[in-house]
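1. A predicted structure for the sequence below; I have some questions about it.
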Amino acid sequence: MAGVPAFGDPEPVSTVEHRRELAAATENMRALVETLPLVVYTAPLDEKVRPIFIAPQVEELLGIPAEEFTFALLLAGIHPDDRAAAEAQFQEADRNQADLTIEYRWVRPDGRVIWLEDASRVVAVGGEHVAQGYLLDVTERKKTEQVLARRTDARQHLAALGRESLEGATREQVMRGALAILRDDLGADVGAIMENTPEGLVVVDCFGWDAVGAIAKPGTPAYEVLQARATLAGPTTFANKESLLFRSGIKSTIGTPILIDERDTFGVVTAHSHLEDAFDESQLALVEQVANLIGAVVARERHDARTQMSQRLEAVGQLAAGIAHDFNNMLTVISGYAGFALNHVDAQGRAQLEHVLHAAERAGTLTAQLLAFSRRQMLQRRPIHLAATVGSVLPMLRTTLGENVEVVEVPGDAIVLADEAQLENVLVNLAFNARDAMPRGGRLTIRCETAEVGEQEAQEQEVPPGSYGVLSVSDTGVGMPADVLARVFEPFFTTKDPGEGTGLGLAGVYGTIRQSGGFVSVESEVGEGTTFRIHLPAAAAVEPPGREVAVESPAGPARVLLVEDEEIVRKLLAEQLERAGHRVLPTPAASEALQVLAREPVDVVVSDVGLPGLGGATLAELVRERHPGIGVLLISGYPGDLPATSPALAGVQLLQKPFTARELERALAAVLA
């Protein structure tokens, strides 16, 4: 055929050049494909048939030489969690001859897991379906996406946990939610929340290992965080190669303290990973936010517990005050009439009545303790040297505590505003409790110092912030367990045997100090002793002592307006006053007393405080205002701090029930003087 070379004839030059150019282009294309950061392939869909072409980079990407690669190997290497979905998508694309782009995890022969993007198109070549596409390593992109997704989830989960805490979630619930955030959003392999206890830094909850109750030892990351009160992040190093974390293959750690305030560290949050450099700045910030949330919940629970305790003690105090009021009225009558009878019986009867008076006196001591606890005792607060008050009591303590108790004084320059007699009683009470806690002897340390109470502590203790004098009483005794420590100030609670204690001593200490404007704290460990710290408001200077005027009896008989609602008490007091030579005008109510004052000449008004209707304090104010020349003596079973209730009551004489006829006469004489 013309124009067509015969078989065996040489090809035209143009055809040879064209094939050379095509071959060169093919080689250039192959070279380009082999330099791309992906694996290009052309392969039949028969899984067991080797590809028509696959880029040699497949060995670097998948760890499979190009000459050994088949789609069966590719399918076998897909992560078990992704394999079924991938195979279903492959089959769907084959049936529809559709384009396909999917992502799945692939496990290399060396165990490393990577993410692949597999994009292909199925075409028909000579009646056979052939896939043309590429494999691309997208591991870094997936990591970035996961990090961003985890950060979003973490913010959402942390916000939700914060709302739950505001709605009343318990500490345990918040801790469990916090650990879930560390595990699921932070991606930690191991995490723990530890509390700083007297026994050490103890794991209270965790994931990734069974370590609840374990104690962090010096040299561990958690211990370092606690010591420094600062966040730790980076590679984990272990001085102790036998530690559980080291044996678990931990390579990196994040840890941050759980702070309650500038002085109090509740504990530590830690998170660990088997990977090196597993945590970045954003993850560190997440752990700090988790720790802050736990700290806020712990602080709230502590405040709630203090509030509940305060409310419970206040309720019991009100009940105690009411009991003391009625009991003191009865004791006043018992001791008063027993005193009358002393002069009308024989020696045997006199001895019996003296036992009655002694019992009434002891009962009066109990009611005084009740009033101290309920903060309704009479206080005469003035600036005093704390160390001087301690020094005046020490000789008696050294004598009464016994030779096996060493008393150590650490004096200071604190000046406080307090009732000195009541403060002495507080110190004696604490010292005797310390002696009982040291049956085999020990050391009692009494320390005086000053301290500043900041805004947060002041708010927690319900006192004004500022300067306070601190009286610390420490012993080396048996200490108290947590359940006893929680109830130490409750009235009638005692660990002593029946008949050996009333349970009112420490309750009275608590009430006296609270009524004085201060607060009491206690620390104790079983086997390590106990320390009570009493904070009292600081005073600028000690006032010079005033000269007391001793008055035994009035100059002459007085006209006394007696106001007392309890009939039996009113009759007793009237008889006591009449025996002393006074003219008595008895009345049961303040309103009637005002009517008497309007028509009768009176020298002094003796009134109970707890009157129905118009109370004794109000009556005293009206008398001082309308009849300034008439003296006022107030008596009560629980007067409280009456001089502080009104400027008009400043300087009003107060007499605490129960009292004797002589004590009543001396108080009346002081008013008339």
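-> Arrived safely.
2. and I54, bridged to which residues?
-> Beta-bridge pairing for I54 (DSSP bridges): Y41.
3. same check, this time on E452
-> With DSSP bridges as the rule, E452 is bridged to S467.
4. Tell me the pLDDT of P537.
-> Listed pLDDT for P537 reads 90.
5. and the helix or strand that contains it, what other elements does it pack with?
-> Per DSSP states H and E: P537 is located in strand 529-537. With contacts taken as 3 or more Cβ pairs under 8 Å, 6 or more residues apart in numbering; DSSP states H and E, strand 529-537 sits against strand 415-418, helix 420-436, strand 442-453, strand 466-475, helix 505-515, strand 519-525. C-betas here are computed from N, CA, C, even on glycine.
6. who does whatever helix or strand comes next after that strand touch, helix- and strand-wise?
-> Counting by DSSP H and E, the element after strand 529-537 in chain order, helix or strand, is strand 559-563. On a contact count with 3+ Cβ pairs under 8 Å, 6+ apart, strand 559-563 meets helix 567-579, strand 583-587, helix 590-599, strand 604-608.
7. pLDDT value on the residue positioned nearest the centre of the chain, please?
-> Residue closest to the mean C-alpha point of the chain, counted by Cα atoms, centre = their mean, is R302 at 3.4 Å. For R302, the model assigns a pLDDT of 78.
8. Kindly report the same for the one 4 residues further on.
-> Note for R306: predicted pLDDT of 70.
9. neighbours of it, just the number please.
-> R306 has 13 neighbouring residues, counting by other Cβ atoms under 10 Å.
10. Could you list which residues are in contact with it?
-> E460 (Cβ atoms under 8 Å, 6 or more residues apart in numbering).
11. just checking, V212 is part of a strand?
-> No: checked against DSSP: H, G, I helix; E, B strand; the rest coil, V212 lies outside a strand; its state is coil.
12. Identify the residues contacting it.
-> Residues near V212 by Cβ under 8 Å, 6+ apart: 203-206.
13. In strands, which of those residues fall?
-> Mapping the contacts of V212 onto strands (DSSP state E) picks out 203-206.
14. if we take those, which one ends up nearest to T389?
-> V204 (43.0 Å; Cβ to Cβ).
15. wait, that closest one sits on N196?
-> No: in this structure, V204 is not within contact of N196 by Cβ atoms under 8 Å, at 10.5 Å.
16. neighbours around the closest residue in space to V671 that isn't next to it in sequence, how many?
-> For V671, ignoring the flanking residues on the chain, the nearest one in space by Cβ to Cβ, 6 or more residues apart in numbering is G631 at 4.0 Å. Counted by other Cβ under 10 Å, the residues lying close to G631 total 21.
17. Make 17 the starting number, not 1.
-> Happy to do that; since the first residue is 17 now, the last one works out to G647.
18. And G647, how far from A689?
-> 9 Å (Cβ to Cβ, to the nearest Å).
19. which neighbours do those two share?
-> Common neighbours of G647 and A689 are not found (criterion: Cβ under 8 Å, 6+ apart).
20. Rebuild the contacts of V228 as TSV, extending it with pLDDT.
-> As requested, the contacts of V228 are arranged in TSV below (pLDDT from 0 to 100):
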residue	pLDDT
V219	87
V220	85
D221	87
C222	84
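21. Could you pull up the mean pLDDT of the one helix or strand E476 maps to?
-> For E476, the host element (DSSP H and E) is helix 471-477. Helix 471-477 carries an average pLDDT of 82.
22. And that helix, how far out from the chain middle?
-> If you compare the mean C-alpha spot of helix 471-477 with that of the full chain, they lie 12 Å apart, counting by Cα atoms, centre = their mean, to the nearest Å.
23. what do you get for stretch 206-225?
-> 17 Å.
24. What of stretch 668-675?
-> Relative to the centre of its chain, stretch 668-675 is centred 42 Å away, using Cα atoms, centre = their mean.
25. That stretch: end-to-end distance?
-> 18 Å (Cα to Cα, to the nearest Å).
26. Identify each buried residue in that stretch, please.
-> For stretch 668-675, the neighbour count (16 or more other Cβ atoms under 10 Å) marks 668-675 as buried.
27. Name the residues of stretch 58-78 that come out as buried.
-> 59-61, 67, 70-71, 73-75, 77-78.
28. Straight-line length of it, end to end?
-> 17 Å.
29. what does that stretch contact?
-> 49-50, 52-57, 80-83, 85-88, 90-91, 93, 110, 122, 124, 130, 138, 144-148, 151, 153.
30. Just the buried subset of the residues you listed, written out for PyMOL, thanks.
-> Selecting the buried subset of the contacts of stretch 58-78 in PyMOL, with 16+ other Cβ under 10 Å as the burial test, is done by:
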select buried, resi 49+54+55+56+57+80+82+85+86+87+90+93+122+130+138+146+147+148+151+153
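31. Just the ones of the contacts of stretch 58-78 in strands?
-> Counting by DSSP E, the contacts of stretch 58-78 place 55-57, 122, 130, 138, 144-148, 151, 153 in strands.
32. Could you export those to CSV, including columns for pLDDT?
-> Below are these laid out as CSV (pLDDT from 0 to 100):
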residue, pLDDT
V55, 83
V56, 83
Y57, 81
W122, 87
I130, 88
V138, 76
E144, 72
H145, 71
V146, 77
A147, 78
Q148, 82
L151, 88
D153, 88
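33. from these, which two are the most distant?
-> Farthest apart among the ones in strands among the contacts of stretch 58-78 by Cβ to Cβ are I130 and E144. That separation is 30.5 Å.
34. Noted, bye for now.
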